[in-house]
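Peer 1: Fold the following for me, if possible:
(4 chains)
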Number of protein chains: 2
Amino acid sequence: MKPSRPNLSELARHLGVSIATVSNALSGKGRLSPELARRIRDAADKLGYVPSQAGRALRTGRSGVLGLVLPDIGNPLYPEIAQEIERVATGAGYGVLIANSRDEIAAQDKAIFQLIERGVDGIVIVPRRGTTVPETRCPIAIIDTPTTPRNTVSADHFAGGAEVAGHLAALGHGRVLLIGDDPSSNVQNARISGMRSKLSGVETETIWIVELEARHGKGCALGLADWRKRGFTAFACVSDPHALRALTELQSAGIAIPAEASITGFDNLQWSSFISPPLTTLKMNMPEIATLALDALVEAIQSRETSDDTPSPPVTARKAAVPMELVIRRSSGPAPSAGFSQEESKHA
Amino acid sequence: MKPSRPNLSELARHLGVSIATVSNALSGKGRLSPELARRIRDAADKLGYVPSQAGRALRTGRSGVLGLVLPDIGNPLYPEIAQEIERVATGAGYGVLIANSRDEIAAQDKAIFQLIERGVDGIVIVPRRGTTVPETRCPIAIIDTPTTPRNTVSADHFAGGAEVAGHLAALGHGRVLLIGDDPSSNVQNARISGMRSKLSGVETETIWIVELEARHGKGCALGLADWRKRGFTAFACVSDPHALRALTELQSAGIAIPAEASITGFDNLQWSSFISPPLTTLKMNMPEIATLALDALVEAIQSRETSDDTPSPPVTARKAAVPMELVIRRSSGPAPSAGFSQEESKHA
DNA sequence: CTAATGTGATTAAACGTTTAATCATATCGA
DNA sequence: TCGATATGATTAAACGTTTAATCACATTAG
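Peer 2: Model (predicted):
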């Protein structure tokens, strides 16, 4: 009824040894006899000893906590990336403190400094579109695109775009509409560039949803049925939610998927396999990305013994670009045979 | 080039006063002359003083960090709840450490104890289906359903179900199919019970997706076109992803939404307003839920001055059930006029 | 004029850990 | 047998903060 929680000195008193000996036994650092070490460890977990993070942090200058900064909730891969980062970090003995760079652009910097004030040892950040990450003495791993400055690791969005575009080209689609959301996004641009790189033989157009919505209001129709009439038979989107928007818009216009039009997405979100038809999409290798990012980050943390004032050098991983996997489902199929809306397309 | 980061004693030395005086000035606790206090505060933020969380935590026994335990990523409201908890917690001066109760059921308890070992002052948990939250000396706020034991606060899932069912009944639907995922979920049961409570006059059936998938494999068709043939004109789902699954399945079967069938969801996920037709759904008041939960939690933390071994009493909020808001969009409409598939339904 | 009160600051201990430095004892080589 | 070396454990300081206890001094009351 009394024992709040045993600490090292209580353990030491209970065993009749010194505090340092107990500490050594539990950390396996100093030299001491094997049987005493075992005896101490036994007593430790019999009494339910759990070390005080605060005491340890104060002494060692390391908190054992990493920060995770994510862009606003609009980004649908938030859950997966958070989950993977948390998984790998926990495995490496770190806790993960979350911070949110919402609404205002400046919130990203504020979030970073809040994490630093809380004493995190390092930070993983998925930068918001169009921002630059400040340089700090605290190591920061950046997950964005391979071409972003100081980027640590990311999916190979360009190659992913190339792969899905190749898939559509092989299916015989002669006119492909590329659907992006925001042209200021590094990730989306990389994906679109990748798609274009494999569509040199076919006709392509690109539309950006934010521009449409700026003119016609949020949630406006994308006018895809018109594009279909003009002979565009494949709609390649930069993200699954946009693909979903395209899919339902075409379906409710009475256009059959994939018989009359093909649709592809990006990110392999949870529901993408459950809808009708299931969505062809590209899957990031999040476990590997998280592992690479965190490996690089903890290495940077450990090599930063000296506590001077110089900003931390960029955190670089063993591999900067992780391939994406094309997941072919039923939303993409062969281009409709000639004859269907042939009159509109024959002038090409 | 030398200053790693100033601490209290450096500040004190720089100003020629004692450490305690500086501490008092910054915390506003002790008694000291106003002008000295101001001078100290000025110097503090000129030198960029930021207090060491570790030192403070060690001294006060409080880490200023809360834990957040979320069920597996399958739960699509993960991002919103995490975002709101983080927002409110940051406003109250707390950091948020995330933990994931994935895969194995036992992971939930493990996650909780890991957080406690990290020294969190309290925990917010959204329990996984079919688990019970262990009693600890660390205060735990539970967000599940109003009827869950030790529940702190949650959306009023039952009332939400009643509301959407009333909406469908008012539209004249005479046969409503209720679509759930997993009957072991408290939340889903509450929603379905609520829906039934307002459908006493109409014919209802309930299907559970996990049971269908156990027989026919993951991602199998739900056979909704058949239900439609049997005269069911409304499909009320316990969550937006299931509504999406239903919507696309019916659309690709050539059934027009909402002309020939109505569909409703739950949770108002991001994409629900962008699909065609936009989804009628119920929206949780997450900001209020998060606020209520955290208010109750920090109160429990502060009242827990004594550090004895007794488990923390349940954390209760000022209000246990927060109303949901019905968001009517175009996926629900009047029941199709009689005559359509009347022959199949007249034998009822 | 002395004692009581108040004001503004300081002293010192404590939180729990890690670790370099030290010490006592045993082992070994010569 | 004596000094050198291992071995196994202890001592003591330090990390940065908070806070109760104390102190020096001035002001006021009796």
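Peer 1: For A:Thr21, which non-adjacent residue is closest in space?
Peer 2: If you skip the residues right next to it in sequence, A:Thr21 has A:Leu32 as its closest partner in space, 6.1 Å away by C-beta to C-beta, 6 or more residues apart in numbering or on different chains. C-beta: built from backbone N, CA, C; applies to glycine.
Peer 1: Now do the same contact list for that neighbour.
Peer 2: Residues counted as contacts of A:Leu32 (C-beta atoms under 8 Å, 6 or more residues apart in numbering or on different chains) are A:Thr21, A:Asn24, A:Ala25.
Peer 1: Most neighbours among the residues you listed, please name it.
Peer 2: Using other C-beta atoms under 10 Å in any protein chain shown as the neighbour definition, the contacts of A:Leu32 reach their maximum at A:Ala25, which records 24 neighbours.
Peer 1: Next, that one: secondary structure please.
Peer 2: helix (DSSP: H, G, I helix; E, B strand; the rest coil).
Peer 1: about what we covered before: in what helix or strand does the residue nearest to A:Thr21 lie?
Peer 2: For A:Leu32, there is no host helix or strand (DSSP states H and E).
Peer 1: Quick check: the gap between it and chain B.
Peer 2: When distance is defined by C-beta to the nearest C-beta, to the nearest Å, A:Leu32 is 25 Å away from chain B.
Peer 1: So for that residue, what's the pLDDT?
Peer 2: Confidence at A:Leu32, expressed as pLDDT, is 90.
Peer 1: What's the separation between it and DNA strand D?
Peer 2: Using C-beta to the nearest atom of the strand, to the nearest Å, we find A:Leu32 at a distance of 3 Å from DNA strand D.
Peer 1: A:Ser9 now?
Peer 2: 10 Å.
Peer 1: What about that residue, how many residues nearby?
Peer 2: Neighbours of A:Ser9 using other C-beta under 10 Å come to 11.
Peer 1: Find me whatever residue is spatially closest to it, sequence neighbours aside.
Peer 2: By the measure of C-beta to C-beta, 6+ apart, the closest residue to A:Ser9 outside its immediate chain neighbours is A:Ile19, 5.3 Å from it.
Peer 1: I figured the one you found hits A:Leu8, correct?
Peer 2: Yes - the criterion here is C-beta atoms under 8 Å, and A:Ile19 meets it with A:Leu8 at 5.0 Å.
Peer 1: Could you list the residues in contact with stretch A:170-178?
Peer 2: For stretch A:170-178, the surrounding residues in contact (C-beta under 8 Å, 6+ apart) are A:165, A:168, A:192, A:195-196, A:199, A:202-207, A:224, A:227, A:230-236, A:238, A:262, A:332-335, A:345, A:348.
Peer 1: Restricted to buried residues, select those residues in PyMOL.
Peer 2: Selecting in PyMOL just the buried members of these, where the criterion is 16 or more other C-beta atoms under 10 Å in any protein chain shown, is done with this command:
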select buried, chain A and resi 165+168+192+195+196+199+202+204+207+224+227+231+232+233+234+235+236+238+262+332+333+335+345
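Peer 1: mind giving me the domain split of chain A?
Peer 2: Per automatic domain parsing, the domain ranges recorded for chain A read A:8-51, A:64-155+A:286-321, A:157-284+A:327-345.
Peer 1: Wait, A:Met284 touches A:Ala155, no?
Peer 2: Yes - applying C-beta under 8 Å, one finds A:Met284 in contact with A:Ala155, separated by 4.3 Å.
Peer 1: do the helix or strand containing A:Ala111 and DNA strand D meet?
Peer 2: If you go by DSSP H and E, A:Ala111 is part of helix A:107-117. No - applying C-beta under 7 Å from any atom of the strand, one finds helix A:107-117 out of contact with DNA strand D, separated by at least 10.8 Å.
Peer 1: And the contacts of that helix?
Peer 2: Applying C-beta under 8 Å, 6+ apart, the external contacts of helix A:107-117 come out as A:67, A:69, A:71, A:97, A:99-101, A:123, A:125, A:127-128, A:131, A:133-134, A:136, A:138, A:140, B:50, B:53, B:90, B:95.
Peer 1: follow-up on the earlier one: so for A:Ile19 and A:Leu8, which sits in the more crowded spot?
Peer 2: Summary of the neighbour comparison: A:Ile19 and A:Leu8, criterion other C-beta under 10 Å, with A:Leu8 having more neighbours (19 against 14).
Peer 1: Quick check: strands, which of the contacts of stretch A:170-178 are part of them?
Peer 2: When strands are assigned by DSSP state E, the members of those inside them are A:Glu203, A:Thr204, A:Glu205, A:Thr206, A:Ile207, A:Ala234, A:Phe235, A:Ala236, A:Ser262.
Peer 1: Keep the residues you listed, but drop any that are not near DNA strand C.
Peer 2: Restricting those to those within reach of DNA strand C (C-beta under 7 Å from any atom of the strand) leaves nothing.
Peer 1: Return, as residue ranges, the portions of the stretch 1-150 of chain A with sub-threshold pLDDT.
Peer 2: Filtered on pLDDT under 70, the stretch 1-150 of chain A yields the residue ranges A:1-4, A:73-74, A:103-104.
Peer 1: Let me see the contact set for the residue most central in space within chain A.
Peer 2: When chain A is reduced to its mean C-alpha position, the closest residue under C-alpha atoms, centre = their mean turns out to be A:Ile81, at 4.2 Å. Shown in contact with A:Ile81 (C-beta under 8 Å, 6+ apart): A:Leu70, A:Val126, A:Ile143, A:Met286, A:Ile289, A:Ala290.
Peer 1: so A:Cys220 touches A:Glu211, yeah?
Peer 2: No - between A:Cys220 and A:Glu211 there is no contact, the gap being 10.9 Å when judged by C-beta under 8 Å.
Peer 1: can you count the residues close to the residue nearest to A:Ser312 when sequence neighbours are not counted?
Peer 2: Counting by C-beta to C-beta, 6+ apart, A:Pro139 is the residue found nearest to A:Ser312 once chain neighbours are left out, at 4.4 Å. The criterion is other C-beta under 10 Å. On that basis, A:Pro139 has 26 neighbouring residues.
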